[in-house]
Structure formats: structure tokens, C-alpha cells
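Engineer: what shape does this take:
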Amino acid sequence: MGPGGATTGPVRLLVADDEPRILALFTEILAPADDMLDGLDGLGAPASAPGAHFELVLCRQGEDAVAATRAAIEDNRPFAVAFLDVRMPPGRGGLAAAEEIRRLDPWVQIVVVTAFTDVDPQTIAKRVPPIDKLLYIQKPFHPQEIFQFATSLCAKWRAERDFQALKSRLETLVYERTAALASANRKLTREMEERERVTDLIESAKREWEGTFDSVQDLVVVIGSDCTVRRLNMAMAHRLGLAPREVVGRECSFVFDSQDTPGERSSDILAMTDGRYHSRELAIPRLRGEFLITSSPLTHADDAPLGTVFVAHDITERKNLERRLRQSQKMEAIGTLAGGIAHDFNNILGIIMGFAEMIEGEAEPDTGLSRRIGHILAACRRARDLVLQILSFSRQNDQEANHLRVGPLVRETLKLIRATVPNAIAITEIIRPGRDGILAEPSQVQQIIMNLCSNAAHAMRETGGVLEVGLEELPPGACPLPGEDALAACLHLWVRDTGPGIPPDILERIFDPFFTTKKPGEGTGMGLSVAHGVVRKYKGEIKVKSVVGAGATFDVYLPLAGDAPDVPVAAEAGPAMGRGRILLVDDEQALAEIGRELVQSLGYKARAECDPRTALALFRGDPAAFDLLITDQNMPGLTGAELTRAVLALRPDLPVLMLTGFSETMGRDAARAIGIRDLLLKPVLRRDLAAAIEAALHPAGP
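Structural biologist: Next up is the predicted model:
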């Protein structure tokens, strides 16, 4: 069934879901009874867009949805959009209903809505074509998202129907004008005076058609059967920056291909000139955007093929919005994952490091056991730094930048890289004399080196080659840094490989998050994005040069810092010993145990509790029983902040230290605001814990 004439009035929507609350939610979003909640943040339906009036038909089974569609078609009141849940027991479900609805009404826009399904979107797309009238979203959804889907899809549905009505009108008009012309030609033999009138009619019809053709805002071009341009509208001419007469008669490739990539898009376009109707999304660099392209065969009156009409609707902004939405969702997921990793992993590291320090204190110096424990503690510290990197990348933690010499860090990092790359890859180190001090955090700069080297090694994994890592000081004026830093000297770090190089069509996208050319399971596409983010964080610049078949070079430029004064390294003193009574509260039993042993090893009397409510009961029974409270933040029953407030209400002068593996709500400023002396990030070293306890029990004077 084809679409009718131009559409007016409310648009009909079909919603099928076996859950009554979901149907109620759709009603509240798309057809609310009143707007008394409108305008309140987070409440009520979204503000209606102009012309967005919906008439909802609700069903709880797929069979009911099919029946409603059939009845709507018979009443000549078809649905514009159908929101179908995949699973609607006990019936056949939304997917089977979608297939039947598509058979009944090819013009309806179908949105598959589900919380979980074992049918992937590709399968759904194959079963319910065409793909340009099919969308797939998952529960839970945001009300604004549903409203925007409904508004956009209804507008698209209206546009398609109106476009078909316009096309029918134009065809009718051409037919009428052709009939009039034929009649005039027959009359020419009888009445020569009619010739001028007929000519005027033809010219009028031509001007009307050309005016209509050129008023269409979509890009329209007619490609003849000889693959040359027969006609184009003004929108297409403006996009090309040429007058229509400069384009007519040229090859199809002139319109759709860039000069440096002949045949890249024209081959796709010409594949749609097979005499059938097509619709396809394509990115066309020559036209500077992404387009929904529809092709329609153009024939003579005797059905002889004349060419193909292409209509390109610019969807660049829509695709950009979709990409930004997906990126935002991915970054949000990374942030949530990072927080969970930080909390649990730091607790695990705290247990390992705590007992390792206890063993280290009991081991004889310069023995095998002492050396092994030292390696364990060094590995734990590296793991702790890795968690800090994850938090920093997800913007949940800001590490302080200090003066850092990059040369020694490069040498140390290359030792790790040599142990991980294949033997077929040779590593060359070029560190030239000069200043190499910058303001940065070591683990972040190491992340730049590791990611760039890993990317280069992956490029040469099959053929082998040379991985070159270099460092040098560049003089003023040779640094491509933003702002005033470009006038000063800078540090130049480069990573060069002899791999196959980077193709030009992806060179501009290599720093995009989650963009990767690796196979599934070989990488996430985050390595170069992380390196790019760290470089920009330190006000630097990263550039890439590549020749296909001749490898790639990544150049990193970082602002130099002033020379740090040489401070003699003193022998590390042991932790301070003290006296006092300390209560340690941690819901992790192993952490509570190791915390108690560490505190006791520092000379204090310690008691450990795993239940914060038991600890609070001890204070209520005797507020003066302890000289210091050390508490974890994330605990069931009572958080560390809630326990602190309750204890300080009983004894305001009590010093409190807080330990946390990760907390979204508790930072140092927030901790001090409720009376906590210091906030320590797990895992805590013995000497750091001793210093914090000493500072809390014996604060320095003003």
C-alpha cells in the first residue's frame, strides 16, 4: 500500500508491550493527560515540539498490534511509528509482529524496544527491512529519548508521505501537460493561431517544474544512462560551488569523488543505477557530509530507460549526534567501571602490601626473602599507580604534576617493553643530550610511551622491523605547541616504526576513542586516545606522519620545566613509633586485621572492628576509651562519614583518619569539612600510616 496525500492533524502511534507500566509510561511521554508537571526538572513529559501531536494505540500482544495495523490501514488512518517490545509472552512476540506489520504497511517506522533479547540487531534488520525504517533501542530508556524518537520518526514519516504525494502530483502535472501538448499538436494542422498559446503553456509548465526542482533543499542530481550528469538542482550546485552549466555533461565521478580518490564513491552510486529503487547512507567527502541517498529510475514515456534520479538528504548532524551519544555512554560506563575497580582492587592491594610490609619488617636485611618482599611491594606500588591512571582517565581523580626527568623514565619503560615485544622487532634508543625536565606525573608519561610503543609493535607483529624511541630538546621557535609555549624550548619525544604505515583515509581518526583497525579481541581502540588525552592535559601536542609501506612516526612535544634543584637523597628513616589507643574500623576482615597489626607494630594499642555500628556502640559506652579513630569510608550499615559525624557528636576533639579505596562522594575537602584530619587512599604504606597517625595525635602549631 503506498502513502496517501499530504498528512495533517495528529499522527497515530502504535505501542505494543506486555508490561502495563511501560504502556502507561509511553502514554505519559507521548500523550499526557495534562501538563501540570511540565517545566519541572525531571518531571512530566518533555516539552512538545511544534506540530508534535500524537494519537496512541496501545496493545499488549504482537497479534493485537498486527490486528490494529490491519484495522488502521482499512480505515485509511495508518500508523506513523510502531514501538514494539521483542518479548510479549505468551504470544509470538514483537519481532514476528514487526515482520507482519512491515508486510501490511511498508511505510511505517518500526522501533524495536527491549530489555534483553537473544536476537542481535543485524538479525532484526534482515527480518524487518528496510533498515532506514527500523531502529533498535534498549530498556531502560530516557523519556526524552522516546519523545525525540517519536518526533523525529513522525517527521520523517510525514516527509516521505508528502514527498510521495508531491512526486505523484508532479507526475500528474507532467502527464497533463504532455496531454495538452499532444492535443495542441493535433490542433496545429487546423488552427495555426493556437501555436502561440500552446507554446506559452509549455514554457509555463517548464518554469513551474524547474522552480519546484530548484526549491528542494535536498541535493538532487540526474545521472543519465551514459553515467554523465543530465541535470542537478541549485542545492547540489551550491554544495559543489559551481554553476549548474559547469557540471552538466561531466562524469558521475566529478560530483561524488574527491580528486585524490577516483572511483571511491561513484562506484557505489553507479551500483544504484540498475533500474530499481534504492536507499543507502553514505559519507561523501566531495560533498562534505554524510547523506541518506535514494535513487529512482527515470524513463521515457515508452518506459525506455533514461537515467536515475538521486536525492541526497544531509544527515551529518544526526550522525554526529549519534556518535556523541554513543561516546558519552561509553565514557560513562568506563567511569563507573573505574570506580568499582579502584575500590575493590585497592582493598586487595592493601591486604597484600600490609602483610608484605609485616614480613619485610621481620626479614633479615640483604637476604633472599627481603629481596623478594621488596619486589612484591614494588609490584604493588605499580598496581596502585595503574589504578590512579584509570581514575585519572575517567576524570574521577586528579594526580599532582611534579618535576619529572623524562630520559630515565624512557630508559626504564623500554626495559619493560623489550620483555613484551617479539624478537623480530629491534628496539633502538636515541636520547640526545639536553634538558628533559617537565611538570608531569610519571605514570601518565609512562602511559604515553607504553601506548605509542605498543601501537608500533602491533603494526610490525607479522613482518618484524625496528622500533625507534627518541628524546631531544628543541630550541625556541621549533615547537608546535599552543599559545605562548610555542615561543619557548620544548621536549621532543618520538616513536618511529618500520611497519606498513597508516592509510590516509583513517589517519585523521586514529586518536578517536574506541576507533581501531584491530580484529576483535586484539584491542579496544583506547591506546592512542589515552596518549592524546595525556599530552593535551600537559599542554603538549602530538602529531603523526606516515607513508604507506614505509612506517609511521608519532611526535610528542611537551613544555619544558625549569631545572629542579638537586636534593641529596637521604637514607629513608623508619616509621615513627608512638603511644596511644586507636580504634580501626573496616568492613573487610583481612584489612581490619592487617591494620591492627600495623598500628600495633608502631607502638600503639589497637582494636579492630568490622562492623561500624559496633564501633559506634563502643564510643557511646565510653567516649574517652580511644585517642584516635581510623575508619574506612565505604561500609555497609554506616559509611565512614556517618560514623565520624556520630562519634564527633559524642567527642568533638577526637582525631579521625579516613581510609578509602575509592569514593565518588568523599574527597579531602569534604572529609575535612566534617572534621576528619586526613584522607588516605588505599593501599597505605606503613610509614605513611605512621606519619598520618603522628600528625593527627600531635598536630603542629600554627
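
Engineer: what's the first helix or strand after the least confident helix or strand in the chain by mean pLDDT?
Structural biologist: The weakest-scoring helix or strand in the chain, judged by mean pLDDT, DSSP states H and E, is helix 368-393 (a mean of 70). Per DSSP states H and E, helix 368-393 leads on to strand 402-405 as the next helix or strand towards the C-terminus.

Engineer: off-centre distance for the helix or strand just after that next one?
Structural biologist: Where DSSP H and E defines the elements, the next helix or strand beyond strand 402-405 is helix 406-418. Distance of helix 406-418 from its chain centroid, counting by C-alpha atoms, centre = their mean, to the nearest Å, is 32 Å.

Engineer: repeat for stretch 448-467
Structural biologist: On C-alpha atoms, centre = their mean, the centre of stretch 448-467 falls 26 Å from that of its chain.

Engineer: so which bits of that stretch are buried?
Structural biologist: Neighbour counts using 16 or more other C-beta atoms under 10 Å place 448-460, 465, 467 of stretch 448-467 among the buried residues. In this view, the C-beta of every residue, glycine as well, is placed from N, C-alpha and C.

Engineer: could you do stretch 185-198 as well?
Structural biologist: Val198.

Engineer: who touches that stretch?
Structural biologist: 180-181, 184 (C-beta atoms under 8 Å, 6 or more residues apart in numbering).

Engineer: out of the buried residues of stretch 448-467, which are inside strands?
Structural biologist: Using DSSP state E, 465, 467 are the members of these that sit in strands.

Engineer: which of the buried residues of stretch 448-467 lies closest to Leu584?
Structural biologist: Minimum distance to Leu584 across these is 37.0 Å, recorded for Met450 (C-beta to C-beta).

Engineer: leaving out the residues flanking it, which one is nearest to the closest one?
Structural biologist: Thr413 (6.3 Å; C-beta to C-beta, 6 or more residues apart in numbering).

Engineer: buried residues, stretch 433-450. List them.
Structural biologist: Under the neighbour-count rule (16+ other C-beta under 10 Å), stretch 433-450 has 435-450 buried.

Engineer: span of that stretch from start to end?
Structural biologist: 22 Å (C-alpha to C-alpha, to the nearest Å).

Engineer: next one: that stretch to chain centre, how far?
Structural biologist: 28 Å.

Engineer: so which bits of stretch 22-37 are buried?
Structural biologist: 22-23, 25-27, 29-31.

Engineer: what's the most distant pair in the residues you listed?
Structural biologist: Top of the distance list for the buried residues of stretch 22-37 (C-beta to C-beta): Ile22 and Ala31, 14.2 Å.

Engineer: quick check, Gly501 in a strand?
Structural biologist: No: under DSSP: H, G, I helix; E, B strand; the rest coil, Gly501 falls outside any strand and is assigned coil.

Engineer: give me the number of residues near it?
Structural biologist: Burial of Gly501 is recorded as 17 neighbouring residues (other C-beta atoms under 10 Å).

Engineer: show me what contacts it?
Structural biologist: Counting by C-beta under 8 Å, 6+ apart, Gly501 has contacts 546-552.

Engineer: ditto for Asp632
Structural biologist: By C-beta under 8 Å, 6+ apart, the neighbours of Asp632 are 585-588, 591, 640, 658-660.

Engineer: report the beta-bridge partners for it.
Structural biologist: Leu659 (DSSP bridges).
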